[in-house]
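>>> Whatever this is, show me its structure:
(one chain, ligands or ions: 2)
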Amino acid sequence: MAQARPAPSQPLYERRPGQATSLVKVGDVVFGGKTVVLIGGPCAVENLDQVLDIAGHVRRSGGAMLRGGAWKPRTSPYSFQGLGAEGLPLLAAARAATGLPVVTEVLDPRDVEQAAGAVDMLQIGSRSIQNFPLLREAGASGKPVLLKRGMMTTVHEWLNAAEYVLAAGCRDLVLCERGIRTFENSLRNTLDVGSVAVLKEVTHLPVIVDPSHAAGASRFVIPLARAAVAAGADGLLVEVHNHPEAALSDADQSLTPEQFSQLAESCRAVARAIGRDLQA
Ligand code: PEP
Ligand code: MN
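Ligands and ions are numbered 1, 2, ... in the order given. Got it, this is the predicted structure:
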């Protein structure tokens, strides 16, 4: 029988009165400080040329970190499922070429060790928010973890998932709002910017926002990104592709490199308006 853990006197995620936001370091990148971390990259790693090209654009546009999915959670089993473990060396090559730390999603607890050996941060996706074995495994991996909000979870349930990661030993945890399902269906998801404000009060964990999966269409990504920074997000996770029309996953919401540059400029201006800046 799996034993319940003894509860701490207060949840590990909870912000004590006067406590500062925790700083989460991923290489030279710092989440939770004065500056806003811009992460860009493809939904899925497709091949070496693609990821190197996109990583170069992300770097030149002011991105501080690279994203790219090796294992992809796809709605249909007949859609491109990602390169799997074969995507990891391609991400490592992009890191070596640009110096950008890399975040990738893990779907299966059995892949955590291998992923942790190859990338700088492990992402747990929306669909895995209550995969408790995965939360425990990622939390015990020794790597920083990026925990996305489940599309059907309340802030409280999300924080309990975060508690699993923290209770497993992780001290470098970043939360990522990515939109939730509501009655509104004009965008792919409803971006809950309010959760950023609530989380800033309730938890010391840094909070970032993924405007891409909330928007579902590239033309709505920049306004949502601006709103996220204005609401106090500590970073942005944005999908960028060198040929969005040919992307093997999330083509409609992927920004071109030019649009990603515009997003960076625009969000830098918003950050400065509230006394912050984009992280160099
Ligand atoms: C992704 O980041 O590509 C992804 C699958 O996101 P989410 O888990 O938020 O749907
Ligand atoms: Mn995606």
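>>> Which pLDDT value belongs to the closest residue to M65 other than its chain neighbours?
In space, and not counting its chain neighbours, M65 is closest to I39: 4.3 Å by C-beta to C-beta, 6 or more residues apart in numbering. Where you see a C-beta, it was placed from the backbone N, CA and C, and this is true even at glycine. In this model, I39 is scored at 99, pLDDT.
>>> what's the neighbour count on I39?
29 (other C-beta atoms under 10 Å).
>>> Give the next helix or strand downstream of the helix or strand containing it.
Assigned by DSSP states H and E, I39 belongs to strand 35-41. Going down the chain from strand 35-41, the next helix or strand is helix 48-60, by DSSP H and E.
>>> relative to strand 35-41, how tilted is that following helix?
160 degrees (axes from the mean of the first three to the mean of the last three C-alpha atoms, to 10 degrees).
>>> Which positions within the helix or strand that helix 48-60 is followed by qualify as buried?
Elements were assigned by DSSP H and E; along the chain past helix 48-60, the next helix or strand is strand 65-67. For strand 65-67, the neighbour count (16 or more other C-beta atoms under 10 Å) marks 65-67 as buried.
>>> other SSEs contacting strand 65-67?
Other helices and strands packing on strand 65-67, by 3 or more C-beta pairs under 8 Å, 6 or more residues apart in numbering; DSSP states H and E, are strand 35-41, helix 48-60, helix 88-98, strand 102-105, strand 235-239.
>>> Adjacent strands (with direction) for that strand?
strand 35-41 (parallel), strand 102-105 (parallel) (DSSP bridges).
>>> could you say which helix or strand contains K25?
Going by DSSP H and E, K25 is part of strand 24-26.
>>> just to revisit the earlier point, could I get the strands paired with strand 65-67 as CSV with distance to T21?
Shown next, in CSV, are the strands paired with strand 65-67 (distance: least, C-beta to C-beta, whole Å):
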stretch, distance to T21
strand 35-41, 12
strand 102-105, 19
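>>> can you tell me which of those comes nearest to ligand 1?
strand 102-105 (6.2 Å; C-beta to the nearest ligand atom).
>>> does ligand 2 sit close to that closest one?
No. Applying C-beta under 5 Å from the ion, one finds strand 102-105 separated from ligand 2 by no less than 9.0 Å.
>>> Helix or strand next in line after that strand, which one?
Downstream of strand 102-105, the first helix or strand assigned by DSSP H and E is helix 112-118.
>>> What's the separation between the residue in the stretch 101-250 of the chain that ligand 2 sits nearest to and ligand 1?
Distance from ligand 2 to each residue of the stretch 101-250 of the chain (C-beta to the ion) is smallest for D250, at 3.8 Å. For D250, the distance to ligand 1 equals 6 Å [C-beta to the nearest ligand atom, to the nearest Å].
>>> try L83
14 Å.
>>> where exactly do the helices run in the stretch 101-250 of the chain?
112-118, 132-139, 155-167, 193-202, 211-215, 221-230 (DSSP state H, counting those that start in this stretch).
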